[in-house]
Structure formats: structure tokens, C-alpha cells
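Participant: Here is my input; please provide its structure:
(one chain, ligands or ions: 1)
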Amino acid sequence: MALLVTGGTGFVGRRFIENSNENYIGAVSRNPIKARQRLGDAVTEVVGWDPTASQFQGPAGVHFDKVVNLMGESIAEGRWTAAKKKLIRDSRVLGTRNLIDGLLASGKPPSVFVSASAIGIYGDPGEAIVDETHALDENFAASVCQEWEEEANRLTDHGTRVVCLRIGIVLGDGGGAIEKMLPVFKLGLGGKLGSGKQWMSWAHVDDISGMITWALGNPDVSGPINATAPNPVRNAEFTRTLARAVNRPAFLPAPKFALRMVFGEFANSLFFSQRIVPKVALDQGYEFKYPNLAEAIADVV
Ligand SMILES: NC(=O)c1ccc[n+]([C@@H]2O[C@H](COP(=O)([O-])OP(=O)(O)OC[C@H]3O[C@@H](n4cnc5c(N)ncnc54)[C@H](OP(=O)(O)O)[C@@H]3O)[C@@H](O)[C@H]2O)c1
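Facilitator: The predicted structure follows:
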């Protein structure tokens with residue numbers, strides 16, 4: 001049975017593909033030559049496709065019974081101009097719509113569709129402990145996540161089991177937040193953000209990869225799943241743990257106005273307090289490889 005992965009060239013996608021035991025993996029990319037170089041023999045086939053330009057069309061004669069949907073314009077690179085925000089939204093919402101329209105047009109929808117979403121869907125819930133039943137926010141990122149999940153959920157009408165992983169801050173080597181933070185911390189210039197009291201909900205990339213595999217293979221899993229480690233930490237603790245792991249001090253707090261100058265609107269979300277817990281995953285038996293931050297960071301650095 002064939003598996004299709006979108007965003008397979010990305011930080012999470014590469015690790016998932018590397019860890020996957022599937023016999024036939026098709027990877028979608030806007031740049032198939034670069035994708036083949038990056039993914040090598042780990043994938044059976046690379047399908048060239050721009051998700052925002054046209055409906056997905058798979059290779060003739062291949063039925064993708066499992067689909068993992070990880071594509072999306074980076075939210076952490078570049079200022080959030082109107083054009084950037086359109087790309088952030090279109091690459092997820094329109095991209096997922098075009099993917100699903102293509103899968104439906106093939107006449108045989110997949111039996112399972114695991115899509116990325118993000119904990120940004122909850123906005124800034126402060127001190128509240130947030131499981132999958134918590135109210136959703138209306139800010140830009142939260143609205144994009146809601147529309148993204150709605151597109152994915154269209155497949156449930158066609159008998160597909162749909163799982164939306166609300167992913168937290170992914171920690172791992174080769175990408176994500178740590179890749180940006182590590183050089184600063186190694187220079188001893190790291191520091192908490194603002195008061196440092198805000199909660200951060202993180203997950204090791206091997207657990208995101210593990211949760212995707214678990215969701216694909218477990219027929220009882222469906223709907224939204226918080227993809228975060230069971231032990232979120234305050235930003236000050238995150239900062240201390242990372243500084244300790246690289247044997248450097250971290251006493252320069254980063255003020256919000258400076259980050260806003262660099263990142264624009266995205267900087268606001270760095271100050272959100274998100275104490276998200278993976279209730280559904282724990283209730284349904286997912287076993288975390290990295291439940292605690294210190295071990296996750298030690299592995300990464
Ligand atoms: N990393 C995190 O901390 C985190 C947290 C929450 C949610 N997520 C979500 O999880 C998914 C995977 O994350 P990631 O960190 O692996 O992302 P990533 O490294 O940025 O990779 C995303 C992939 O999406 C494709 N892509 C990028 N821009 C695109 C565009 N404008 N239009 C269409 N496709 C585009 C790219 O594939 P090609 O260039 O090959 O086409 C890229 O490899 C994303 O949807 C992300 O929003 C990640």
C-alpha cells in the first residue's frame with residue numbers, strides 16, 4: 001500500500017520519512033530535483049506539484065491509501081507582510097483543498113489522512129491547561145489552522161479517517177526553533193523572552209514522527225490530537241535548560257519591541273502562553289520517547 005507525503009522535504013517530513021517502514025513512499029515537492037537530492041532512496045517516487053497552483057495529480061496506476069500532509073510556508077522566516085500571510089494561508093488551506101480534490105478525483109480516497117495543524121489554533125490561553133476540547137482562538141494563525149483542519153476534515157465524508165496533529169514547538173537537529181536559537185545561546189547571548197513566565201509546549205521531532213506513524217497505524221485514532229510533550233515548561237525554564245546544555249549563561253532577556261522589529265507580527269506569538277497537554281494521545285496509549293525537556297534538549301544539542 002502506498003503512502004503519500006506532502007512537505008516531505010521539510011524538517012518534520014524528512015525525519016518521518018527516515019523513520020518510516022512503508023514499502024512505497026511518494027513525496028510531493030514543488031522542486032522535485034532538490035527533493036530527490038534531499039530524500040535520496042528513502043522515497044520511491046517524487047511527485048512534482050505546486051499545491052497552490054493546481055489540483056493534485058498522482059502518478060498513474062498508484063493508489064495512495066495513506067496520506068501525511070505536512071506542507072506549509074514557514075511562519076518563522078521573514079516578516080508577516082500581507083503577501084507572506086497569503087502564502088502562509090494558501091500553502092495550507094488552498095494546498096490541502098487542491099490535494100484532497102485531486103485524491104477524490106482519482107475515484108478512491110485514502111483510508112487515512114494525517115494532517116499537520118498547530119497549537120497556534122488555541123491562541124494565547126495563559127495559565128489554562130489546554131486539551132483538545134479547549135476553545136479555539138480567532139487570530140490570524142488560529143484562523144488559518146481552523147480552515148486547514150476544515151479542509152482536511154472534508155475527507156471524513158468520504159470514509160477517510162482524518163487525524164489533525166496540533167503540533168507544538170518541534171525540537172530536533174536540522175531545523176525548527178532550536179536551529180535558530182542555538183547559535184545565539186552558544187554565544188552566551190540567549191535569554192528569556194519578556195517575563196519568561198509564559199508556557200511553552202514543545203515536542204521532540206522523533207515524537208512528532210512517532211505520533212504520525214502511531215496515528216497512521218491505529219484505527220481508533222481520529223480527530224484533533226495535541227502533538228506536544230506531556231510536560232510543557234515556562235519560557236524561563238526552557239531558556240535555563242538550553243543554556244545549561246550548551247554550558248553558557250543566559251541572562252539577557254529579549255524585549256518584545258526588539259523581536260517585533262525583526263519578526264513583525266510573528267513576534268507576538270513568541271510571547272503567547274500555551275500550556276498544551278496531549279490528552280488524547282496519552283489516553284489512547286501513545287508512549288513518548290522524550291516526555292521531559294532536559295532529555296530532549298540533550299539529544300538535540
Ligand atoms: N516545526 C514546528 O515547530 C512546527 C510547529 C507547529 C506546526 N508545524 C507544521 O508542521 C508542518 C511541517 O513543519 P516543518 O517544520 O517540517 O516545516 P518546513 O521544514 O518549513 O517544511 C515544510 C514543507 O512545505 C513545503 N512548502 C514550503 N513553503 C511552501 C509553499 N509556499 N507552498 C507549498 N508548499 C510549501 C516545502 O516543501 P517543498 O519545498 O519540497 O515543496 C517544505 O519542505 C508545517 O505545516 C508546519 O506548519 C511545524
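Participant: From the contact counts, what lies against the lengthiest helix in the chain?
Facilitator: Longest helix in the chain by number of residues (criterion: DSSP state H): helix 82-105. Other helices and strands packing on helix 82-105, by 3 or more C-beta pairs under 8 Å, 6 or more residues apart in numbering; DSSP states H and E, are strand 64-69, helix 140-153. No exception for glycine: its C-beta is placed from N, CA and C like everyone else's.
Participant: contacting residues around whichever residue of the stretch 1-150 of the chain sits closest to the ligand?
Facilitator: At 2.1 Å from the ligand, residue 10 is the closest residue in the stretch 1-150 of the chain, using C-beta to the nearest ligand atom. By C-beta atoms under 8 Å, 6 or more residues apart in numbering, the residues touching residue 10 are 70-71, 175.
Participant: Same question for residue 185.
Facilitator: 242-243, 246, 248, 250.
Participant: If we use 10 Å, what do you get?
Facilitator: With contact set as C-beta atoms under 10 Å, 6 or more residues apart in numbering, residue 185 has these partners: 178, 191, 239, 242-250, 301.
Participant: which one among those residues gets closest to residue 211?
Facilitator: residue 178 (18.6 Å; C-beta to C-beta).
Participant: Determine the number of other residues adjacent to the closest one.
Facilitator: Residue neighbour count, defined by other C-beta atoms under 10 Å, stands at 21 for residue 178.
Participant: That one and the ligand, how far apart?
Facilitator: The gap separating residue 178 from the ligand is 9 Å, by C-beta to the nearest ligand atom, to the nearest Å.
Participant: before we move on, back to that, which neighbours in the sheet does the helix or strand that the longest helix of the chain is followed by have, and how are they oriented?
Facilitator: Where DSSP states H and E defines the elements, the next helix or strand beyond helix 82-105 is strand 112-118. Within its sheet, and counting by DSSP bridges, strand 112-118 is paired with strand 64-69 (parallel), strand 161-167 (parallel).
Participant: and the angle for the first one with helix 140-153?
Facilitator: What separates the directions of strand 64-69 and helix 140-153 is an angle of 180 degrees, with axes from the mean of the first three to the mean of the last three C-alpha atoms, to 10 degrees.
Participant: wait, residue 160 sits on residue 69?
Facilitator: No. With contacts defined as C-beta atoms under 10 Å, residue 160 does not count as touching residue 69, sitting 11.7 Å away.
Participant: higher neighbour count, the two?
Facilitator: Set side by side, residue 160 and residue 69 show unequal neighbour counts under other C-beta under 10 Å, the larger going to residue 69 at 28 against 22.
Participant: Spell out which parts of the stretch 151-300 of the chain neighbour the ligand.
Facilitator: Taking C-beta under 6 Å from any ligand atom as the measure of proximity, the stretch 151-300 of the chain contacts the ligand at 167, 169-170, 175-177.
Participant: circling back to that earlier point, and residue 33, which of the helices and strands packed on helix 82-105 is closest to it?
Facilitator: Across the helices and strands packed on helix 82-105 (criterion: C-beta to C-beta), the nearest stretch is strand 64-69, sitting at 21.9 Å.
Participant: any chance you could map the helices in the stretch 101-250 of the chain?
Facilitator: Per DSSP state H, counting those that start in this stretch, the stretch 101-250 of the chain carries helices over the ranges 140-153, 176-186, 205-217, 235-245.
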